[in-house]
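Quick check, what structure comes out for this input:
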Amino acid sequence: MAYEKEKLSEEKVFKDPVHRYVHVRDKLIWDLIGTREFQRLRRIKQLGTTYLTFHGAEHSRFGHSLGVYEIVRRMVDDVFKGRPEWDNSERDLCLCAALLHDLGHGPFSHSFEKVFHLDHENFTREIILGDTEVNQVLRRVGEDFPKAVAEVIEKTYKNKQVISLISSQIDADRMDYLQRDAYYTGVSYGHFDMERILRVMRPRDDQVVIKQSGMHAVEDYIMSRYQMYWQVYFHPVTRSAEVILSKILHRAKQLYEEGYQFKHTPAHFYSIFEGKVTLSDYLKLDESIILYYFQAWEEEEDSILSDLCKRFSNRRLFQYVEFNPNEEMVKFFELTTLFKRAGIDPDYYLVVDSSSDLPYDFYRPGEEEERLPIHLLTQDGSLKELSRQSDIVDGISGKRRTDHKLYFPQDLIMDLSVKRAAKLKIKELLKLT
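Coordinates of the predicted model:
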């Protein structure tokens, strides 16, 4: 029997709070879950610093990856199987891509990537194609199989229908993380009727479409996503924690470049600071390592690094005010001068942070990050783009919402040692009482 067709003697199940059970019968999938690279995802939080806002948000990318796999497994085994528009020979490829799609995420994912100009998608590709346990398992299917899995995740695979299962405007990735993140944060926004959506999904040409009778379930899904972004993912307190996290990493890198002698040498960061990070170096990093250094750096003689680490570890976050960069840059530059005069380094303690999201978009060929729209399958077999049929979705289609906040340490500003004149002016500009 070919390896990819080999089944376990007994089905394995993972108890899951979102899907009740994650079912594994394929030896290929079970072996991938057991690799060191996939197990590492247990030590990477799904929502980064969000646990400092919603204390239940301690779940990992391991659980999310299993969830995406389970949704795709249900699609291909329960919904699509036997339909003429679906090629079941792509099943194993879909399951592997779903399971491994987040494999390259690093600690505190996006914040970490921005500081060091890294890309988790590149590391996902390296893990799948490189000298890893994951690659060894995939190559048992065939020498070209790892490349095919990487192409699905990179959205370059020839069969766009396969790609759409894990990367589209209504895919297994989003359907899992919305429900999972809502469950662990304790909010109600991310809940929608996934069972109904799965029942009305149909494979069609180079995409997955939704029967028109399921339009209202999709509307609910779109609005759930919209609410989750603004109530959870872009929460201003979470962004404050991300600002401090980023500034810690920036400060540590700057000190390293200046030849600063750390009390606690950042050995795990050397190759990253020098821009020479290898896959082996990267895989050694997880959030427990990062948090160890943050706790150790609280004792550093550099007052900025020490203070920022204490703030992050003990949740003494920055305050924030609304900020309009189109109208208030003069105020920002004035605050920068006043912070310097007050002895507070504005490079680390005065930060503009922006968040932006496009909840749904129709097809805009050639544009950056072009998005395939959601299509409804009508009774006569024709396809109609979602926003043309739904007034609710039409109301938010193509409309990017952006939010800007100005972050600062109110406690340092109010400190008695800050010069009175500078303090008064800073308080006036920030409208502090």
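
Which strands and helices lie in contact with the lengthiest helix in the chain?
Criterion DSSP state H: the longest helix present in the chain is helix 236-257. Contacting helix 236-257 under the criterion 3 or more Cβ pairs under 8 Å, 6 or more residues apart in numbering; DSSP states H and E are the following elements: helix 109-116, helix 270-273, helix 287-297, helix 303-313, strand 319-322, helix 346-349, strand 351-357, strand 401-408. Quick note: C-beta positions are derived from backbone N, CA and C, even for glycine.

would you turn those into TSV with mean neighbour count, distance to residue 48 and mean pLDDT?
Supplementary listing: those in TSV, determined by neighbours: other Cβ atoms under 10 Å; distance: least, Cβ to Cβ, whole Å; pLDDT from 0 to 100:
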stretch	mean neighbour count	distance to residue 48	mean pLDDT
helix 109-116	18	6	89
helix 270-273	17	17	94
helix 287-297	17	9	97
helix 303-313	19	12	98
strand 319-322	15	18	96
helix 346-349	18	20	97
strand 351-357	16	13	90
strand 401-408	18	16	93
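
now those in JSON lines, with distance to residue 374?
As requested, the helices and strands packed on helix 236-257 are exported to JSON lines (distance: least, Cβ to Cβ, whole Å):
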{"stretch": "helix 109-116", "distance to residue 374": "25"}
{"stretch": "helix 270-273", "distance to residue 374": "39"}
{"stretch": "helix 287-297", "distance to residue 374": "34"}
{"stretch": "helix 303-313", "distance to residue 374": "39"}
{"stretch": "strand 319-322", "distance to residue 374": "33"}
{"stretch": "helix 346-349", "distance to residue 374": "43"}
{"stretch": "strand 351-357", "distance to residue 374": "17"}
{"stretch": "strand 401-408", "distance to residue 374": "19"}
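
Nearest approach to residue 198 belongs to which of the ones you listed?
Comparing these against residue 198 with Cβ to Cβ, the closest turns out to be strand 351-357 (25.0 Å).

related to what we said a few turns ago, now for the helices and strands packed on helix 236-257, which one comes closest to residue 155?
Proximity to residue 155 (Cβ to Cβ) singles out helix 109-116 among these, at 18.5 Å.

Which strands or helices does whatever helix or strand comes next after the closest one pack on?
Once helix 109-116 ends, the next helix or strand along the chain (criterion: DSSP states H and E) is helix 120-129. Packed against helix 120-129, as judged by 3+ Cβ pairs under 8 Å, 6+ apart, are the following elements: helix 91-100, helix 133-139, helix 145-154, helix 279-283.

Tell me how far helix 120-129 lies from the chain's centre.
Between the mean C-alpha location of helix 120-129 and the chain-wide mean there is a distance of 16 Å, by Cα atoms, centre = their mean, to the nearest Å.

and that helix, average pLDDT?
Confidence over helix 120-129 (mean pLDDT, whole number) is 96.

how about the CA coordinates for that helix, as CSV?
Output in CSV follows, covering the C-alpha atoms of helix 120-129 (Å, rounded to 0.1, in the frame of the first residue of the first chain):
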residue,chain,number,x,y,z
HIS,A,120,6.9,33.5,8.4
GLU,A,121,5.7,32.3,4.9
ASN,A,122,9.3,32.0,3.8
PHE,A,123,10.1,30.0,6.9
THR,A,124,7.1,27.8,6.3
ARG,A,125,8.5,27.1,2.8
GLU,A,126,12.0,26.4,4.2
ILE,A,127,10.6,23.9,6.8
ILE,A,128,8.6,22.1,4.2
LEU,A,129,11.4,21.9,1.6
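
domain parsing for the chain?
Recorded structural domains for the chain (assignment: automatic domain parsing) are 3-233, 235-317.

The strand ranked longest in the chain pairs with which strands, parallel or anti?
Longest strand in the chain by number of residues, with DSSP state E as the criterion: strand 7-16. Pairing partners of strand 7-16, with direction, according to DSSP bridges: strand 20-26 (antiparallel).
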